[in-house]
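Trainee: okay, predicted coordinates and the sequence, questions at the end:
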Amino acid sequence: MTTQSRTAPAVPSAPQALDAIIIGAGFSGLYQLHKLRDELGLKVRVLEKGAGVGGTWFWNRYPGARCDSESYYYCYSFNKAIEQAWSWSERYPEHTEIRKYLNFVADRLALKRDIQLDTEVTSAAFDDGTNLWTVQTVAGETFQAQFLITAVGCLSTANVPKFKGLENFKGDWYHTGNWPPEGIDFAGKRVGQIGTGSTGIQVAPVLAKQSKHLTIFQRTANYSIPARNRPVTPDEVELTRKNYDDVWRRARSGTNGHPFSMSSQSAVSVSDEERRAIYEKAWERGGLRFRASFKDILENEKANETASDFIREKIATVVEDAKVGEMLTPRDHGFATKRPPIDSGYFETFNRDNVLLVDLKAEPIVEVTEKGIRTSNQEYELDIIVFATGFDAFTGSLLRLNITGSHGYALKEAWAAGPRTYLGLQTPKFPNLFTITGPGSPSVLCNMPIAIEQHVDWITGCIRDMLASGLTRIEAEPAAAEQWVEQVNDAANATLLPMASSSWYLGANVPGKPRVFMPYAGGFARYANICNDVTRSDYRGFARS
Ligand code: N01
């Protein structure tokens, strides 16, 4: 870890009084700061653990780390001048370029003066007497504010599996979500990579090129669509700038916050030839849009099987060794029931002489040794282990903040059986606490900046209305949260998403975590309408005083 949180002074400091505290300086925290400070005129401080702004993109610097949404809509839409001034260089921006963009926005809006970096929050406690939150940091600083907004992202707490013997490993190991900013020299090294999710699929082709030898330890074979990344031409930049209003309108009116629409055809209503031609075209175009080829890929098992089969055939065509190709072929879940990755030469990587695939279903990891990884079959000698093993998604980053709400009720207790929120925005008994893209909201099922802007706009409107009415406290009602949890479950069950039993959407990737489907799968546009309707109905489901 390269960032150093400030350390505690001998004598704790007096609380610093603010109107609102925001935790996190990624896409969410930056925009929330702008709205509360520059539109509502509030005194706001952003507390950020990292040494720079960027959130997810501050920490995820592994080679090959890119965004899976296309650059022209993986950005803010709220500010015309910023929108028109920025140019992306590639179809899928690399992490460095996204950090540059977020710094550009932060500088343009003069946000950095209200962002405190290297500041890790250790606890947040609500006081029923004053309706204030008190937030403490590792350095022993104390902040107090009426409103507390978590902008910590959904995928910020690294999941490092507790393999026996990891402490004995004589080489180096890294988690992709905690990558050292100075980078890692893989030249001449024998590298072991564990995990083949979106991250593993991005990092593997680059590690294979940079290292002497790469061993990929795969637990679950994954589908992937070619990204077809390429530079963006000046003409494309110009055209997008002209059409931005339409881009954002389309992004907000759809299911996933992407500006492309879902086909109106069913995959099982067309002939085999037609279907294949549509899939081929989508495969050639590349990217997440592949799943929009037919309207029912995520709703109907037969339709899903057609997409899954098509990709399985592609894997068999690309991978030269048939045995390896079969090991790489997913058979235990349907396409897109887990978050579908996109790649730049992932399956081709297995045609290289310096790459070995190990199937952990056939030979599970027994322990990490001094020299490498021992499976039930043999020991693989390694110099570096890369954990591309994902995150304690949604709840991990919120629970580690040690939040206690009304009458000392701990969030850990409230969510012991899984997160229970109202609209993903608030949890009963945690007044004046708002969660941007929290569990129970569309969040990760969406193009994130669109989901983030919708939440920040709603929270800002809610606070504005409270201040205008002289109200000091807002709290989700337990009955509203119960009903919302049911709606989240119903929305998931109307899709094939719960079918993937090892998905992080369900918390299944972290041993011991309650299995609850966490994001709202009813679609972005429908969700945004529900939120607007709640506002119009005088904040139905919230108790305000
Ligand atoms: O994490 P994952 P990720 N032993 O949880 C394996 C976003 N993202 O970092 O499938 C062995 O998907 C695990 O195996 P299994 C995106 O939303 C965004 O790849 O559980 N293996 C799996 O293969 C994405 O979905 C961008 O059986 C173990 C892998 O590790 C999310 O981040 C780019 C294991 C983890 O896959 C998470 O993706 C990249 C164990 N004990 C990522 N534990 C953007 O473009 C886990 N695994 C914005």
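Mentor: In hand now; what should we look at? Numbering: from 1, shown residues only.

Trainee: ok, residue 136 touching residue 120?
Mentor: No. With contact defined as Cβ atoms under 8 Å, residue 136 does not reach residue 120; the gap is 10.0 Å. From N, CA and C alone the C-beta is placed, and that goes for glycine too.

Trainee: please name the residues that touch the residue of the stretch 251-400 of the chain at minimum distance from the ligand.
Mentor: The nearest approach of the stretch 251-400 of the chain to the ligand comes at residue 390, 2.5 Å away (Cβ to the nearest ligand atom). Neighbour list for residue 390: 155, 159, 195, 197, 199, 504, 509 [criterion: Cβ atoms under 8 Å, 6 or more residues apart in numbering].

Trainee: now the two most distant members of those.
Mentor: By the measure Cβ to Cβ, 155 and 195 form the most distant pair in the contacts of residue 390, at 13.3 Å.

Trainee: pLDDT wise, what is residue 10 at?
Mentor: pLDDT for residue 10: 52.

Trainee: ok, residue 468 next?
Mentor: At residue 468, pLDDT is 98.

Trainee: do the same with residue 123
Mentor: In this model, residue 123 carries a pLDDT of 98.

Trainee: again, but for residue 2
Mentor: Residue 2 is given a pLDDT of 40.

Trainee: again with residue 254
Mentor: At residue 254, pLDDT is 89.

Trainee: swap in residue 261?
Mentor: 88.

Trainee: what's the spacing between residue 179 and residue 95?
Mentor: 9 Å (Cβ to Cβ, to the nearest Å).

Trainee: give me the common contacts of the two.
Mentor: 60-61, 65.

Trainee: circling back: and of the contacts of residue 390, the nearest to residue 39?
Mentor: residue 155 (28.4 Å).

Trainee: measure the residue nearest to that closest one when sequence neighbours are not counted to residue 64 for me?
Mentor: Spatial nearest neighbour of residue 155, excluding adjacent residues (Cβ to Cβ, 6 or more residues apart in numbering): residue 391 at 4.3 Å. With the distance defined as Cβ to Cβ, residue 391 ends up 17 Å from residue 64.

Trainee: and residue 404, bridged to which residues?
Mentor: For residue 404, the beta-bridge partners are residue 125, residue 410 (DSSP bridges).

Trainee: kindly report the same for residue 368.
Mentor: Beta-bridge partners, per DSSP bridges, of residue 368: residue 373.

Trainee: pLDDT score for residue 7?
Mentor: For residue 7, the model assigns a pLDDT of 61.

Trainee: what do you get for residue 499?
Mentor: With respect to pLDDT, residue 499 has a value of 85.

Trainee: how many other residues sit next to it?
Mentor: Residues lying near residue 499 (other Cβ atoms under 10 Å) number 15.

Trainee: check residue 239 too.
Mentor: So residue 239, with other Cβ under 10 Å, has 11 neighbours.

Trainee: work out for me the element it sits within.
Mentor: helix 234-253 (DSSP states H and E).

Trainee: need the contact partners of that helix.
Mentor: Residues contacting helix 234-253 (Cβ under 8 Å, 6+ apart): 72-73, 77, 83-84, 87-88, 257-261, 447, 450, 454, 524-525, 528.

Trainee: and those residues, which are buried?
Mentor: 72-73, 77, 83, 88, 257-259, 447, 450, 454, 524-525, 528 (16 or more other Cβ atoms under 10 Å).

Trainee: closest to the ligand out of these?
Mentor: residue 447 (9.4 Å).

Trainee: roughly how far apart are that closest one and residue 76?
Mentor: For residue 447 relative to residue 76 (Cβ to Cβ), the value is 12 Å.
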